[in-house]
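Trainee: this one's structure only:
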């Protein structure tokens, strides 16, 4: 099952409209909750959707809150492996199974 998932992620990482970065277990940024930043185009303001560990969800279009999560996302991206390293990393994980 995991092999199939790694293979699918490696395939998707080669698609032009998808960027996959892996945040390995090492020192660097970690988020305390799951979140998604929704950019809904020019007609609607950006929103953040936040999931807590207890199953609660929260959405907000308050600029200050959205900007806070954009900074979190940027910190995670900076701590992650570069997108071009994703296929090799996934292949190494697959070999370890």
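Mentor: Noted; the coordinates are in hand. Predicted model only: the values in this text are computed from it and were never measured.

Trainee: What are the buried residues along stretch 57-74?
Mentor: Going by neighbour count (16 or more other CB atoms under 10 Å), the buried part of stretch 57-74 is 60, 66, 69, 72, 73. Every residue, glycine included, has its C-beta placed from N, CA and C.

Trainee: quick one: low-confidence ranges for the chain?
Mentor: Residue ranges of the chain with pLDDT under 70: 1, 26-31.

Trainee: got the residue ranges for the strands in it?
Mentor: Per DSSP state E, the chain carries strands over the ranges 34-38, 47-51, 57-60.

Trainee: Does anything pack onto the second one? Which helices or strands?
Mentor: Which is strand 47-51. strand 34-38, strand 57-60, helix 63-79 (3 or more CB pairs under 8 Å, 6 or more residues apart in numbering; DSSP states H and E).

Trainee: now the strands of the chain in CSV, with distance to residue 15?
Mentor: Shown next, in CSV, are the strands of the chain (distance: least, CB to CB, whole Å):
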stretch, distance to residue 15
strand 34-38, 19
strand 47-51, 24
strand 57-60, 28
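
Trainee: Let me know which of those strands is tucked in deepest.
Mentor: strand 47-51 (a mean of 16; mean count of other CB atoms under 10 Å).

Trainee: roughly how far apart are residue 19 and residue 12?
Mentor: Here the criterion is CB to CB, to the nearest Å. By it, residue 19 lies 10 Å from residue 12.

Trainee: In the protein, which residue sits furthest out from the middle?
Mentor: residue 43 (24.7 Å; CA atoms, centre = their mean).

Trainee: Residue 97: which of the strands of the chain is closest?
Mentor: Residue 97 lies closest to strand 34-38 among the strands of the chain, at 25.4 Å (CB to CB).

Trainee: Show me what the closest one is packed up against.
Mentor: Short answer (3+ CB pairs under 8 Å, 6+ apart): strand 34-38 packs on strand 47-51, helix 63-79.
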